[in-house]
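> Next comes the sequence, and after it the predicted model I'd like to discuss.
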Amino acid sequence: MTRPSDNGYRMPAEWEPHQRCWMAWPCREELWGDGLEAARDAYAEVARAIAAFEPVTMIANPRDVAEVSLQLGPGIATFSQEHDDSWMRDNGPTFLVDSRSELAGVDWKFNGWGGKYEPHDLDDKVAEAVIRHVQAELYKAPIVLEGGSIHTDGEGTLLTTEQCLLNPNRNSGMDRKQIEEVLQGYLGVRKVVWLGQGLHNDETDGHVDNLCCFVKPGVVLLHACRDSSDPNNEVYKDARARLENATDAQGRSFEIVEIEQPRPRKGRKGDKLAASYVNFYIANEGVIVPAFDDPRDEAAFDTISKCFPDHDVVQVLAGDIVVGGGGIHCITQQQPKVD
């Protein structure tokens, strides 16, 4: 089987130029409950914020296309495609580029975050539909993987967590070495840096995009929790220790920038939400950052602005997204720009 890396493809960093951003309209009523309309308003606000920097296409179920288009307003495209849920980072394609500026897409197997949400068969078809729509080369991967579980610097280094990718509810029977071989073959990475647990109560089983991300090669932005009574304190300390003891694919030690988590927020069931400022979207010349009507919003804005001095940082209230189990990064998927 020919893998993308065999043909020179790699997963670019998220700050490399984009052709557009893909999103999907919230539609799983049993997930959102009476918060569905608020979630839709929040998704629309994120889409409009991104559209100030790059084109946005919103996937909508065929019966909803006209209504969604009206709610989004001018300047945002819709794409008619049946789907079950609205987390494009996880069930959408992972796009790749090669040295000839050609585009490819990886279609990972999708099982509803380890079988937590049914049905998910329509979501499992979205990635292939998008890849074929943009006329990119299609590669079907042999493992279950969600896009929020991986993050790359575009230079051969990938961050992930053991809690997610080694979870038996994803790829039972596969060990760390086998998973690494697939990541290397399908994403063109040369080194995988394994963190341990993700954030407390993250129902994705610890996606890395809630915990840390690259802001440029060699520099990692880390979700910090200095409250020793909070379960995320141990998560933070372990992640920092692992990053301090690791190097990237170029042999560099990591510079770690910390961003303190927002104050605890509770969901509809009274459980603590896995809210994170790290869960943002990098657009062309812009960064769309979550805000939580929290005293720490301003410090988060300042930290991310320093990390991206050449970008405009825009904060969007994300509380109505987080109650569904994710953040701004989770609901978006960038398509790289190619010549």
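All right, it came through fine.
> those strands in the stretch 201-339 of the chain, which residues are they?
For the stretch 201-339 of the chain, the strands defined by DSSP state E, counting those that start in this stretch cover 212-216, 219-224, 255-260, 281-283, 286-291, 312-317, 333-336.
> Convert the third one to CSV, retaining C-alpha atoms only.
By that I understand strand 255-260. Provided in CSV are the C-alpha atoms of strand 255-260 (Å, rounded to 0.1, in the frame of the first residue of the first chain):
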residue,chain,number,x,y,z
GLU,A,255,10.7,26.5,24.5
ILE,A,256,7.5,26.3,26.6
VAL,A,257,5.0,29.2,26.9
GLU,A,258,2.3,28.7,29.5
ILE,A,259,-1.3,30.0,29.5
GLU,A,260,-3.3,29.6,32.7
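> Which of the strands of the stretch 201-339 of the chain sits closest to residue 246?
Nearest to residue 246, of all those, is strand 219-224, at 9.6 Å by CB to CB. (Each C-beta comes from the backbone N, C-alpha and C, glycine too.)
> okay, the angle between the closest one and strand 255-260?
Following axes from the mean of the first three to the mean of the last three CA atoms, to 10 degrees, one obtains 30 degrees for the angle between strand 219-224 and strand 255-260.
> ok, back up a step: any idea which of the strands of the stretch 201-339 of the chain is most buried?
strand 281-283 (a mean of 26; mean count of other CB atoms under 10 Å).
> strand partners of it, parallel vs antiparallel please.
Strand 281-283 has the following sheet partners, assigned by DSSP bridges: strand 286-291 (antiparallel).
> who's in contact with the partner strand?
46, 49-50, 52-54, 275-277, 279-281, 297, 300-301, 304, 308, 311-318, 321-322, 327-328, 332 (CB atoms under 8 Å, 6 or more residues apart in numbering).
> contacting residues for the residue nearest in space to the middle of the chain?
Nearest to the geometric centre of the chain sits residue 148, at 3.7 Å (CA atoms, centre = their mean). Listed by CB under 8 Å, 6+ apart, the contact set of residue 148 reads 87, 89, 90, 204, 207, 208, 209, 210, 326, 329, 330.
> Do you know the pLDDT at the third one?
On pLDDT, residue 90 comes in at 98.
> Wasn't it part of a helix?
Yes: under DSSP: H, G, I helix; E, B strand; the rest coil, residue 90 sits within a helix.
> neighbours around it, how many?
Using other CB atoms under 10 Å, residue 90 is surrounded by 25 other residues.
> what separates it from residue 120, distance-wise?
Separation of residue 90 from residue 120 (CB to CB, to the nearest Å): 10 Å.
> Common neighbours of the two, please.
Counting by CB under 8 Å, 6+ apart, the residues touching both residue 90 and residue 120 are residue 110.
> List the buried residues in the helix or strand of the chain with the lowest mean pLDDT.
Sorting the helices and strands of the chain by mean pLDDT, DSSP states H and E puts helix 29-32 at the bottom, at a mean of 92. By 16 or more other CB atoms under 10 Å, the buried positions in helix 29-32 come out as 31, 32.
> can you pull the contacts of the closest residue to residue 288 other than its chain neighbours?
Leaving aside its sequence neighbours, residue 288 sits nearest to residue 281 (CB to CB, 6 or more residues apart in numbering; 4.5 Å). Contact partners of residue 281, counting by CB under 8 Å, 6+ apart, are 14, 21, 46, 50, 287, 288, 328, 329, 332, 334.
> could you dump the strands of the stretch 201-339 of the chain to a markdown table with mean pLDDT and distance to residue 233?
Shown next, in a markdown table, are those (pLDDT from 0 to 100; distance: least, CB to CB, whole Å):
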| stretch | mean pLDDT | distance to residue 233 |
| --- | --- | --- |
| strand 212-216 | 98 | 15 |
| strand 219-224 | 98 | 9 |
| strand 255-260 | 98 | 11 |
| strand 281-283 | 98 | 27 |
| strand 286-291 | 98 | 21 |
| strand 312-317 | 98 | 25 |
| strand 333-336 | 98 | 31 |
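> Nice, that's everything, thank you.
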